[in-house]
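Engineer: heads up, no residue letters with this:
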Ligand code: ADP
């Protein structure tokens, strides 16, 4: 049974532990958190010094070293943070206390009782009478350790104290893991941005520089055809036609690639856009196709929204293009456009009743140059949806698709209601 005193002690330790968790949560920078936590723990468990050592490697030999990084000392106790002997210390030198630490076990000792050797010497030189060292393991790897020195008396740590200090160490491990994860995410984000920029630059330069030689090829082919029209036999003329068709397709690919690399680069102006109006403009662009196929277009709940007009127009145009292109043969296309909203975004739904898309290709269709059909079945460069996705993501939104093969396809996309200016 616990005595009233121990009960109070453990309540107090629990309270402090709670405070410490809050400190770790409050600070993104665990170095800052550590200063506060050490001061709080030091006062409550009445020790003379608390310190944190990190394990690191000698860059050339890869030998494991340990160095003191932080320290808290009680008033009147000599600090050790500037002691050069506690920097880059090969871990074998303090083998006695590293042995348990390396297998994730605490090291507890009264210095007087230690066997003669380096460990005893180093600890005694710092006037330590009693020591407790707790390892910090992250993902089963020793990251460092925290030590608690008593320079005033030899002591036997109570179960509660041990439990308390262990839980602090474990909170510290969590804080370090959190920090490491954040650093990793930031590093990856920077790396991704860099790779993206390089790719865009490459796409831009490549597509830009390819235009001129391509123009030359098709111009000279046309000249060749004109000059030798009466000399060429039918086969020769057909070959030239194939080559010219190829260059037209290539031009389309180059222009799409150029457009892809330019998404988000032009200085657009935010304006109020009436979506019904925008669709009307698009209808007039496609008027021939719409009339010849008897396409039916319905709008539901479309709004006036604040956005960049021309990227939105480009998105709807790409979806229109596809809805008309991938319509069922001999059936009049039907297109439905509707809108809804949540707190932060407008959500568009763009449905056609065409050939549909197999769910296993939902991701693939948004990747550049990925097509589900050959050019003989349907013309295209495989860039339309990749450009569409890039435009939407640039406007802070997302695009996804739902489809039932042979029945219908709905592209859903969202854009921010308050675009970042
Ligand atoms: P493209 O149309 O030039 O091939 P996209 O990037 O626009 O390139 O589309 C990629 C692929 O997605 C198309 O090849 C087509 O197979 C499929 N797809 C796109 N939109 C539709 C649609 N509305 N219905 C059926 N399939 C579609």
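Structural biologist: Looks like it came in fine. Only a predicted model underlies this, so the values are computations on that prediction, with no experimental measurement involved.

Engineer: Contacts only, for the residue of the stretch 151-300 of the chain found nearest the ligand.
Structural biologist: Distances between the stretch 151-300 of the chain and the ligand by CB to the nearest ligand atom are smallest at residue 256, namely 7.9 Å. Glycine gets a C-beta too; all of them are placed from N, C-alpha and C. Residues near residue 256 by CB atoms under 8 Å, 6 or more residues apart in numbering: 381, 383-384, 387.

Engineer: Check those residues one by one and keep those near the ligand.
Structural biologist: 381, 383-384 (CB under 6 Å from any ligand atom).

Engineer: would you turn those residues into TSV with neighbour count?
Structural biologist: Shown next, in TSV, are those (neighbours: other CB atoms under 10 Å):
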residue	neighbour count
381	20
383	22
384	24
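
Engineer: coming back round to it: any idea which of the contacts of residue 256 is closest to residue 118?
Structural biologist: The closest of the contacts of residue 256 to residue 118 turns out to be residue 387 (CB to CB; 66.7 Å).

Engineer: The closest one reaches residue 317, doesn't it?
Structural biologist: No: counting by CB atoms under 8 Å, residue 387 does not reach residue 317; the two are 10.1 Å apart.

Engineer: And the lengthiest helix in the chain, what does it pack against?
Structural biologist: Using DSSP state H to define each element, the chain has its longest helix at helix 159-227. Packing contacts for helix 159-227, counted by 3 or more CB pairs under 8 Å, 6 or more residues apart in numbering; DSSP states H and E, involve helix 4-26, helix 30-45, strand 130-138, strand 141-150, helix 234-262.

Engineer: Now do it, average pLDDT.
Structural biologist: Across helix 159-227, pLDDT averages out at 87.

Engineer: Please say which of residue 387 and residue 317 ends up with more neighbours.
Structural biologist: A count of neighbours by other CB atoms under 10 Å puts residue 387 above the other of residue 387 and residue 317, at 23 against 18.

Engineer: As CSV, the contacts of residue 256 with pLDDT and secondary structure would be great.
Structural biologist: Compiled in CSV, the contacts of residue 256 are given as follows (pLDDT from 0 to 100; DSSP: H, G, I helix; E, B strand; the rest coil):
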residue, pLDDT, secondary structure
381, 84, coil
383, 89, coil
384, 93, helix
387, 93, helix
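
Engineer: so how far is residue 71 from residue 361?
Structural biologist: Using CB to CB, to the nearest Å, residue 361 is found at 60 Å from residue 71.

Engineer: okay, those two: which has more neighbours?
Structural biologist: Neighbours per residue, other CB under 10 Å: of residue 361 and residue 71, the larger number sits with residue 71, 21 against 15.

Engineer: Could I get the buried residue list for the strand or helix carrying the more buried one?
Structural biologist: Element membership for residue 71 (DSSP states H and E) is strand 64-73. Under the neighbour-count criterion of 16 or more other CB atoms under 10 Å, strand 64-73 has 64-66, 68-73 buried.

Engineer: so what secondary structure elements neighbour whichever helix or strand comes after that strand?
Structural biologist: Going down the chain from strand 64-73, the next helix or strand is strand 89-90, by DSSP H and E. Where contact means 3+ CB pairs under 8 Å, 6+ apart, strand 89-90 is packed against strand 64-73.

Engineer: gap between the strand it packs on and the chain center?
Structural biologist: Strand 64-73 has its C-alpha centroid displaced from the chain centroid by 33 Å (CA atoms, centre = their mean, to the nearest Å).

Engineer: what residues does that strand touch?
Structural biologist: Here strand 64-73 makes contact (CB under 8 Å, 6+ apart) with 31, 34-35, 38-39, 42, 48-58, 79-81, 83, 86-91, 94, 98, 144-145.

Engineer: Just checking: what are the partner strands of it?
Structural biologist: Applying DSSP bridges, strand 64-73 is found paired with strand 49-57 (antiparallel), strand 89-90 (antiparallel).

Engineer: in terms of contact, does residue 302 touch residue 279 like I think?
Structural biologist: Yes: counting by CB under 8 Å, residue 302 touches residue 279, with 7.3 Å between them.

Engineer: Give me the nearest residue to residue 100, chain neighbours excluded.
Structural biologist: Nearest-residue entry for residue 100: residue 107, 4.8 Å, with adjacent residues in sequence omitted and distances by CB to CB, 6 or more residues apart in numbering.

Engineer: what are the bridge partners for that neighbour, then?
Structural biologist: If you apply DSSP bridges, the partners that residue 107 bridges to are residue 133.

Engineer: coming back round to it: most neighbours per residue, which of the strands paired with strand 64-73?
Structural biologist: strand 49-57 (a mean of 19; mean count of other CB atoms under 10 Å).

Engineer: just to revisit the earlier point, state the distance from the residue of the stretch 151-300 of the chain closest to the ligand to residue 390.
Structural biologist: Taken as CB to CB, the span from residue 256 to residue 390 is 11 Å.

Engineer: Alright, calling it a day.
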